[in-house]
Every structure is written in structure tokens, then in C-alpha cells.
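*Asks:* Sequence plus predicted model, see below.
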Amino acid sequence: MRRLILLIYSLMICLPSQAGQIILGAAVDSPAVRSFTADLAQKRPQDQVSFMSLKQLKVSRPAADARLIILDRETLDWRLQQNDAPATLVMRVSRIEGAALLGERPPAGVTLLWSDPPPERQLRLARLLLPNSKSVGLLFDSQSAFLVDEYRRAAEELGLELQAKPWNPDGSRKPLLALLETTDLLLGIDAPRLYNADTIKSLLLTSYAQNRALLGPTASFVRAGSLASTYSDQQDWLAELDTWLDQSPAEWPASAYPMHFKVVSNRQVARALGLAPASDETLTRHLSEGEAR
Amino acid sequence: MPIPRHLPCALLLCSAGLAGTVHAEDLFLGEELPEVLTATRLKQSPAAVPGSVSVIDRSLIEASGARDIPELMRLVPGMMVGYTSGNQSTVNYHGGRVSEARRLQVLIDGRSVYRPGLATVDWSDLPVALEDIERIEVFRGPNTVSYGANALMGVISIITRSPGDTLGTRIKYTRGERGIDDWYGSQGFASENADFRLSVSGQEDNGFDHTDLDYKYRDSRRSTRMQLSASHTLDLNQSLEWQLALKEGSNQRGVYSNEIALISGAVPVIDNSRDVEARDYAGSVRWALDVNPNHSVQVQSSLQHWQRKQEWSACDLALSFTPEVRQLFSEDPDKLDTVSRLLRRGNGALIPGWGAYFGAQHPLAVSIYNYSIDPSGAYLNPVCGDLNNNIDETRFDLEIQDTLSFSDNLRLLSGASYRRDRTVSETYFGGALENDVWRMFGHLEWYLGEHWVLQGGAMFEDDKLAGSSLTPRVALNYLITPRHGLRFVYSEAVRSPDMFENDVRWTYRLENVSPQVDGRSYADYYAYANGPGNLEQEIMRSREIGYNGQFDFGLRIDIKLFNDEIHRMISEPLKITDFAPSNENSMWMRGAETEIDWQILDSDRLRVTYAYLKDFESSEKSHGRLSARYSGSAGWIRNWGHGWNTSLFYHGADLLNERRFERVDLRLAKRFRFGETELELAAMLQQRLDDEALTWRENLYDDRRVVYASAQLEF
């Protein structure tokens, strides 16, 4: 994947930028969507960037050479039913949703840009924050079981051992306690049944009581008390889109994690755990440099 | 800000995707979650703690194979463990008298189990099973600011496992030599917003085997305990925990001589059992509210009742109950002592002419002498009846604690509490005695930049019986890095004289006497003791320099240099025939101690503690009897894989009450897994390396070795 990205980068430098119609599609119009559209338009003056609601998309079919950027689930559902729709980038989709929607093989012409932080990046952040950690604990449920092997491979590449246990938040806390006992930190996975506003309190308090940090699953959890996470915000996604839109849709992969990202950490939690992490900016730079190599 | 109950909108493609509390300005950051690890809930890293803390965690408790808490205290540097008998242990920090330890606060889930009336901790009678304990935090040093008076030399805080962490069933049985016969069963269950655990357990052993005079030792213990713990999540910001604990048991006490008799040995001991029937009842409730991430409030209340029933029959000479003996005791107890020794020398067949000696003592002594040579012999006949040491103690405690975080670097913990103690005992207090204690406290924690943490506080306490006091505490921590810190601590602490020392009205009334004395069916013993009522609080001044470090390769080290002094110390032995507590004692201790805990990979853990008491000075030698100059422990816990675990511990102290103590403990355990069921079989061997008695010369075992085994099933 990294090689592919590098190849794309080098192609970008050689090829002239494409100009054309870019349509952002979402079921509901909102100031946030409008502002995102405006930002993208500003970033790509050579293109005609516009917003179309799902209703409009259904009525006036976009030209085949346009590029479609989908921002929500309903619009994606519609897109998946179209055979001759333009090349599409799907944003704000998680791995679990992607797997549930599309199974193993996404249809041609659709590129899923994953919203969850990539396993390797999260694990590398774990290594930066807790350099002596040797084993990482991972809880999963039936929806996220398919990701475990991917996390395990990523951990092994970094010389970490991954211990994964299935868990049902309505059931016993035993798997969680067992993981906290035998691993150095807990890595969250963007699995909404496991990590949500109802479960996070018990998860955080339990791991914190054992002096274990939780990393991830997403930036939202950092304020709640997770130690840190990588994430991509609107600016990162604009840069990300800019990169993809510079390429021919024929080059677009079936799915990709964002290359542009940031790190957010909870300084108070770090202090309570006896950690003194570098600033978020420095952590971001270290991780980016690592990925660029 | 309204707190969302669900996270669906963070799932970026849900149909309601753009609604809800998604950041208006950013489509990609998901929904905001409530802060869970709030500023008020976060703990300090060990390097920033303003004092020395030892933590005995669950894995250490299991690996130690210990059956009670005093045994675990051997793993804490500076803790001195002594035994009055097999079922009466004493835990002291650095030093003190052997028979009592009044200067440590002991809490179970925040509830003080330090008995209000007799000011002791009945270690054998605590209504908690070791299997229910998550960890024991031992604060080594005075901390009345956080824990109230009596936290003079340290605080032992026992924290039980959260009910939510112990769902399912667990049963355990332990059996071994010396009559060891323990059992435990617990069931954890969950409802929608609450978790519960019910545990019942029993403990039994024979204590020491024989005395130095080869008597069979009467010091077995037996107890049955029940604990029901619950934890309710009321909403995202509120939780409620409550607990009920009961304990019923009996501790044998033997009698080898009648120490309150006027002439010991003159009459036979007719009842050599003074077993104590002990019942403890406790209930507590704690409500915690997060007002906002920077402010939390906690209210805790508990009600406890201790019931000790100790009844026996005894005889004494009719002479003891004459008004002259009582009058001489009240006028000049020393003279009575001399008279009784003169009488003992005569042993009932007094040499004619000894009357002159008595006359030289006191005019009353002549009358006593004349009774003793009364031709009828009536005054040398035994009078027998029933005695008791029964006592009921009740404590109600209410505390409110407020944690306020002004900024990331400034946090204030403050609160107030009210405590009511009531003791009823005819023998000790001639009825009921009550005390009210009001307390206010504040503790400020201030991070002065990256490296310095200044912490300080004060406690004001008003004790109806002992008066009021203000104790300060200040600590400065220098954090070399967040995981390595130096600390400089000065603290003062007080201990109020307890009801027994200050307000006792101690007297024995022999009931159902036979034959009757002066036509009555009861007779009062000549001896009595009245508390002085004007004792002042003991005061401790403690200075400490310490280092705490956590190394990246799993090593944790804590080193402490201390200089502690106790003034106005009340330390006289409290005997009914010689009851004269005063504030005229003092104690001064200087030394160093360390605790090293090294987790080497996942398989091995090494743990070493060592305490060196360089100087120990006290106004009286007996204060330092339970103070070893060198003491410590070393442990190696290993996980061999395939379910095999071993642990090897050494405990040693050069002199505890003038006796050496050295012991090696070996535990071997194997775990078997059958699906969700886990079985653990363990064998434990304790081998004494010295051949001394334990603490007192009569505390002897037949064998220097003891073996016991346990089986535990969890599903």
C-alpha cells in the first residue's frame, strides 16, 4: 500500500492535474456540508465543485466523467444501485461498515476512504508513547473479528505481541480484566458495539484502575480518557481529496486509509500514568516521518 | 452540554449522520463523548505522591499464600508483625509495644475498623475475606489530613474487588496442618445498571501448639464471614456503592493464672477458658457525583457494631473482698501489692510475728493480716463466681468529600466528617460512654511547572472527649521525569487518647458468687482503674526524604529516609492493678527503608523490601520491643507457562521482642482450564529458619514447618 501511494505521488508530479466536475453528495444539506464544499472548491479552483443532495442526484444524473464524493450512508446506498454512475470516493465510512455493506469485494468505480485510524499507525503511536510495551491487548466482537488478523500482522511487524479476546459489553468483564493483566496497553478498535458512550466509562475506569492505558479507538475517545489516538480532521481530508482528485480515477484503489493525519493525546491521563509524551505536533511529525520512509 | 447516550453519529455513515452533536465545524471528528477520566478522578503517578505507599496487589496476595492480613504486612517495609497468641496479632510500623498497636489507621473500603472503645484492630476478626481483596494500600507515615486522627504512623487501606469484576462463581477450600481449614464461596451477578457480589467464607486454625511450659495452647480461632457488595450506576455522572458485612467467630483464650487475684496461686483456676465470642456487623454506602469534569463530590457513611463476649468463672480468697483490702488499694496500691506478696510468702500458714511487718506497711495491713490468721480460716476460703469482659462498640461515620480542579495544575480536595462512637461495657466503662468527633480537612495539589509538585493540607478535628487539634502536612516533589521523583515531606499528626486510656472505669464484679459475700450474690473486686480524663493527644512529627522511580524495563524502586518523633506519648501498660497512663513518654526513630519491585518480562517478578532502623530511642525500653533493627522480605514469583506458577518468599527480622524471625515460604500452583472453568490447585510450605518462639516465649509450634493446600474453582 505504501509503495502504491509513493507511486501515485510520483505520478502526480509528472502528470498535469485533471480539471472537471466534482460533486459532493449527501442526503441532507447542512452548513457543515456546505462549508466543506466551499473549502474544497477553494482548494481546487481548476475544478467545478458543487454540492448535490441525494434528491437532486436522483433527478439529474451526473455526467459519467464527473467525480462523485459521497458523505453519507444513504447516498452510498443509492450509488451502489447505479451501474453507470461516475467514479466515486466514499468518505466517513468505517471498516466495519464497509465490510457489512460490501463484503469482501467493493464494486468497481467506488473507492472507500476509511474513517478509522489504520492499525499500523495506531500501533506505532503506542510504541512512541510506551516504548517498552511488548504486548498489546485488543477486544473484538463478531462485527470486528475480521480485523484481528490485520492488527496482529501490523503488531508483529513492529515486534509487538497482540493478544485479542472476544468481548460482549453486556456480559462479564473477565476478558477485559484478563487482557489488562497480561498486556501493556489496550488498543481500541472502531467497533461501535464495544466502544460507545455507554461502555466507555466502565472500560476506561477498569483499565485505568489496572494502570493500563487505552489507545484509540478514535479521536473522540481521547477527551473521555483514552491516552491518545491518530485521526484525520477536515483539513486532512481536504488535503487527502486533493491528492486523490489529482489522479485519474482509473488509478484509484478499492479502499485506502488517509495519508494526512494528526495525533491527539490526553495530557492529564498521560501525567497520571507517569508518562511525558512529546507534544501532539511532534508525535504527528515522528509518525509521518516513519510512514514516509 | 447535553450528554449523548449513544454514539451512532460517530459511525460516520449512519443515516442520521449529520445531525446530533457532531462538531458543527468538522464533518470528520465524530461525536463528543463525556469525560470519564476527569481531572478529579485521576490519580497521581507514584513519583508525585506526597509520601511512601506500598501496594500489595491481588497477584502478590495470591502468590504469598497468606491467610490473613498481618501475614501480608510482612511484605511492607518497616511493618513489624507480632503475636500475643495465635489469634491475636499486632501490626506496628517501625516500633511500639508488643501487646498493642494503636497508631495505625485501618480501613476497609474507606470504613475505619479501628475499634473505638478499646482502640485496637482485631486482625483475626475483620469481616473481610482475603479472596475479596483487590489490593491493600499501605501509606507509610502519618497522614491525618487524609485519614483523620489515629493515622499516626500509617494507614492500611484495604480495597475489595469491584462487584463488576467478579461476576460468576468462585469456590475455594484450604486445608492443612495446624488445623487450617478455610473455605470461601462467592457469586457475582449483574442486573441492568448494577453489579453485586455475595461472598461467604470461613477460617479456622489451632494457633500455637504448646507453651514453653508444655501446656497445650488454647488459642484456636474460628470465624464465618459474609459480605454483600453492590455497585450501581445511577447515570453517567452518579454512582452508588453499598456493602453489608457480617462476621461471627470465636477466639480461644487460655488462662494459666488468675492475674487479678489478690494472691495468685492461692486458689485453683476453675475455668481455664476465656474464649471471646466476636460478632461484627457493618454497613456502608458511598454516593459519588461528578458535578462536571472538574468537580466531584462524594458522600460516604457507615454504621458498624462490634460485639465481644468474654465470660468466665474465677475464684479468689474471701479475704480479697474485705473492705480493708479495697480501701488499701485505693489509698496505696503499692502497699497492697507488698502486703499481698507478704501473704503469698506465708502461703496461708503465716509465721507468727509477721504481723510486725504488716504493721510497718500500713495500719490497714494489720487488719488484713488479722483476717488472714483468723482461726475460723473463713477468709482463706475461696469465693467463686462469674466474670466478664463483655463490650459492645458502635460507630457511625458520615463524610463528605469534595474534589475541585481549578486548572490542570491545581486541585483541591476538601471535606468534613462527623463520627459518633458509643461503647457499652460494665467491666470497662461501668455502662455506656459516647464520643463525638467533628473533622474538617483540605489538601491542595499544585503542579508548579513540569518538575515541581507542591502539596499541602491541614486537618482540624474536634473530639468531645480529647479536645481539638490542628495538624498540618506539606510535601514537595521534584519530578526528574514523570516517572522519577524525589519527595520532601514534613507532617504532623495526632492521636487522641482512646476511651480505654482516658475514660476507663474498669472494675470486675463477680456475679453469682458462692458462698455469698456479706449476704449478697455479687462481690466487687478490690482492684479498679479510672482513666485520668485529662490525657492530651499524642503528637507525631515526621520528616521524610524519598525517591520513587519506575524504570522502563519494569523496575520500580522506592527509597525513604525518615526521622519520626512522637511526643506526649501514652504508652504505659494498662493493667487494672497498675493503671497510670500519662503523656510523659516519647519515641524517636530514624532510619531508611526501600521497596524494589521488578517485573522481568511476563514470567518473573522479583520483590525486595528492607527496613533499617538506625536509631530508636524511647523514654522506656518496652516501647521498642516490637522494633527490629533490620527487617525485610524477598520474593520471586514465576510463571513457568502451561498453568504452572511458583513463588518463593523470605521474611526476616533480626529482633522482634528480642526474638529472631526468619521464614521461607514456597508456593506451587497449577491452573487447569476447561472451557470457561478454571481450577487451581496450590500447595504451600512455610519453613522457619530460626528456632525461636514467635514474639513471646510461650508461642511455640511443634514443628518449624507447616504445609497446607488449596483448591479453587472459578466459573
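*Replies:* Happy to help now that I have it. Treat the numbers as computed from the prediction; the structure is a model and nothing was measured. Residues are numbered from 1 along each chain as shown, chains lettered A, B, ... in the order given.
*Asks:* in the chain, which spans are helices?
*Replies:* The chain I'm using is chain A. Taking DSSP state H as the criterion, chain A contains helices spanning A:2-14, A:31-43, A:54-59, A:73-80, A:95-102, A:119-129, A:148-157, A:174-182, A:200-209, A:220-224, A:234-245, A:267-272, A:280-292.
*Asks:* that's the wrong chain, I meant chain B
*Replies:* According to DSSP H, chain B carries its helices in the segments B:58-64, B:69-73, B:144-147, B:323-331, B:333-346, B:355-361, B:363-372, B:426-429, B:499-503.
*Asks:* Which one of the ones you listed has the poorest average confidence?
*Replies:* Within the helices of chain B, the least confident segment by mean pLDDT turns out to be helix B:355-361, at a mean of 67.
*Asks:* returning to what we had before: which among the helices of chain B is found nearest to chain A?
*Replies:* helix B:58-64 (7.8 Å; C-beta to the nearest C-beta). Just so you know, the C-beta spots here come from the backbone N, C-alpha and C atoms, and that holds for glycine as well.
*Asks:* Turn the helices of chain B into a markdown table, including mean neighbour count.
*Replies:* Formatted as a markdown table, those follow (neighbours: other C-beta atoms under 10 Å in any protein chain shown):
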| stretch | mean neighbour count |
| --- | --- |
| helix B:58-64 | 20 |
| helix B:69-73 | 22 |
| helix B:144-147 | 24 |
| helix B:323-331 | 18 |
| helix B:333-346 | 18 |
| helix B:355-361 | 15 |
| helix B:363-372 | 19 |
| helix B:426-429 | 20 |
| helix B:499-503 | 24 |
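*Asks:* ok now stretch B:230-239, how far from the chain's centre?
*Replies:* Centroid separation for stretch B:230-239 versus its chain: 30 Å, with C-alpha atoms, centre = their mean, to the nearest Å.
*Asks:* What about the closest residue to chain A within the stretch 51-200 of chain B, how many residues nearby?
*Replies:* Distances between the stretch 51-200 of chain B and chain A by C-beta to the nearest C-beta are smallest at B:L167, namely 4.5 Å. Taking other C-beta atoms under 10 Å in any protein chain shown as the criterion, the count of residues near B:L167 is 17.
*Asks:* what do you get for the one 10 residues further on?
*Replies:* Residues within reach of B:E177, counting by other C-beta under 10 Å, total 16.
*Asks:* thinking it is in contact with B:A709, fair?
*Replies:* No. Counting by C-beta atoms under 8 Å, B:E177 does not reach B:A709; the two are 10.1 Å apart.
*Asks:* Please enumerate the shared neighbours of those two.
*Replies:* Shared between the contact lists of B:E177 and B:A709 (criterion: C-beta atoms under 8 Å, 6 or more residues apart in numbering or on different chains) there are no residues.
*Asks:* Leaving out the residues flanking it, which one is nearest to B:W640?
*Replies:* Ranked by C-beta to C-beta, 6 or more residues apart in numbering or on different chains and with sequence neighbours excluded, the top spatial neighbour of B:W640 is B:T646, at 6.8 Å.
*Asks:* ok, now which ones touch the one you found?
*Replies:* Applying C-beta under 8 Å, 6+ apart to B:T646 gives the contacts B:637-638, B:640, B:666-669.
*Asks:* Only whichever of those residues are buried, select them in ChimeraX.
*Replies:* Buried subset of the contacts of B:T646, written as a ChimeraX selection, criterion 16 or more other C-beta atoms under 10 Å in any protein chain shown:
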select /B:637,638,667,668,669
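*Asks:* And the furthest pair within the contacts of B:T646?
*Replies:* Between all members of the contacts of B:T646, the longest pairwise span (C-beta to C-beta) is found for B:W640 and B:L666 and amounts to 13.9 Å.
*Asks:* Around whatever residue of the stretch 101-250 of chain A ends up closest to chain B, how many other residues sit close by?
*Replies:* For the stretch 101-250 of chain A, the residue positioned closest to chain B under C-beta to the nearest C-beta is A:G225, at a distance of 3.0 Å. A total of 28 residues lie near A:G225 under the criterion other C-beta under 10 Å.
*Asks:* Pull the contacting residues for it.
*Replies:* Taking C-beta under 8 Å, 6+ apart as the definition of contact, the neighbours of A:G225 are A:200, A:204, A:208, A:214, A:266, A:269, B:35-38.
*Asks:* ok, and the most crowded of those residues?
*Replies:* Comparing the contacts of A:G225 on neighbour count, A:L214 comes out first with 29 neighbours (neighbours: other C-beta under 10 Å).
*Asks:* How about the contacts made by that residue?
*Replies:* Taking C-beta under 8 Å, 6+ apart as the definition, contacts of A:L214 comprise A:185-188, A:203-204, A:207, A:221, A:225-227.
*Asks:* And it, how far from A:S232?
*Replies:* 20 Å (C-beta to C-beta, to the nearest Å).
*Asks:* just B:W598 next, same as before
*Replies:* For B:W598, the distance to A:S232 (C-beta to C-beta) stands at 41 Å.
*Asks:* Then B:V138?
*Replies:* 47 Å.
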